[in-house]
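Novice: need a 3D model of the following:
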Amino acid sequence: MDYTSELTRTDRLVLGQRDTDGGVRIGYAAGPQLASQIEALRDAGCVQVFAEIVPSRARARPEFARALTLCGTAGLAAPDRDITLTVLELNHAARTSAELIELALRLRRAETRLELLGGRFAGVHGPDSTLFTVLTALGRLDHDHRHEQYLEGQREAAAQGHTGGRPKVIDDDMLAFAVGLRDEGVPVPDIAARLTIRTGANAGQSPSVASVYRALARAGSAPSFPRQGPQP
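Specialist: Sure, this is the predicted structure:
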């Protein structure tokens with residue numbers, strides 16, 4: 001299949017450029033001091049830089065999503081090229097453990113490298129690198145701990161005769177729909193966008209990606225993050 005049809009004209013121009021290693025570096029800058037970040041990413045050889053200022057409580061990061069999509073599609077269109085997502089530090093790419101899990105799995109499936117220009121883990125890390133493995137494991141440990149805390153609370157409440165509680169963010173019908181989408185290979189962020197909370201203070205809104213991830217994990221297995229490209 002010719003995946004170059006999924007690329008915009010600008011994306012094709014980006015793909016036509018190469019860094020000093022013969023691959024393609026795509027940069028992402030976030031937070032304050034964007035100008036200095038963009039300059040550093042350009043100096044590192046990034047052929048395109050996505051940048052945005054995102055409030056700490058904001059869930060959506062549209063420019064980051066665009067960067068990941070371009071990395072995945074470029075990797076499919078040019079499988080002989082090393083595609084690298086470059087950021088200054090790790091917390092620019094992942095702000096929470098849930099985002100860290102999603103990022104590590106998504107980059108690994110897309111066979112995209114992660115380059116950190118600074119911080120404790122500075123360097124270029126491939127999909128099978130120790131960093132990816134450790135970060136994924138740490139994220140899963142955090143998730144498992146939170147899940148056990150949740151189950152322990154449920155057991156204590158049941159022992160005391162409490163069976164009520166606030167309405168579920170993701171009810172049984174939503175979960176069944178989400179599981180079906182996951183089995184079709186739909187990424188978790190897209191699943192979350194297709195769901196609508198029916199009750200409670202957040203009725204009418206979409207659940208967070210972290211909520212969908214936890215619900216799918218409790219449903220039986222962790223969600224998969226397919227290599228980026230056109231969906232069937």
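Novice: show the pLDDT at Val60.
Specialist: Careful, residue 60 is Ala and not Val. Looking at Ala60, its pLDDT stands at 86.
Novice: which strand or helix spans it?
Specialist: Secondary-structure assignment from DSSP states H and E places Ala60 in no helical or strand segment.
Novice: that one: how many residues sit nearby?
Specialist: Taking other C-beta atoms under 10 Å as the criterion, the count of residues near Ala60 is 13. C-beta here means a position set from N, CA and C on the backbone, and glycine is covered the same way.
Novice: for it, give its distance to Gln37.
Specialist: With distances taken as C-beta to C-beta, to the nearest Å, Ala60 is found 20 Å from Gln37.
Novice: same question, Gly23
Specialist: When distances are taken as C-beta to C-beta, Gly23 and Gln37 turn out to be 21 Å apart.
Novice: the two: which is more packed in?
Specialist: Neighbours per residue, other C-beta under 10 Å: of Gly23 and Gln37, the larger number sits with Gln37, 22 against 18.
Novice: nearest residue to the more buried one in space, ignoring adjacent ones along the chain?
Specialist: By the measure of C-beta to C-beta, 6 or more residues apart in numbering, the closest residue to Gln37 outside its immediate chain neighbours is Ala29, 3.7 Å from it.
Novice: the one you found against Ala51, yeah?
Specialist: Yes. Using C-beta atoms under 8 Å, Ala29 is in contact with Ala51, at 4.1 Å.
Novice: neighbour count winner among the two?
Specialist: Here Ala29 and Ala51 are set side by side on neighbour count (other C-beta under 10 Å), and the busier one is Ala29, at 26 against 17.
Novice: which helix or which strand is home to the more buried one?
Specialist: Assignment of secondary structure by DSSP H and E places Ala29 within strand 24-30.
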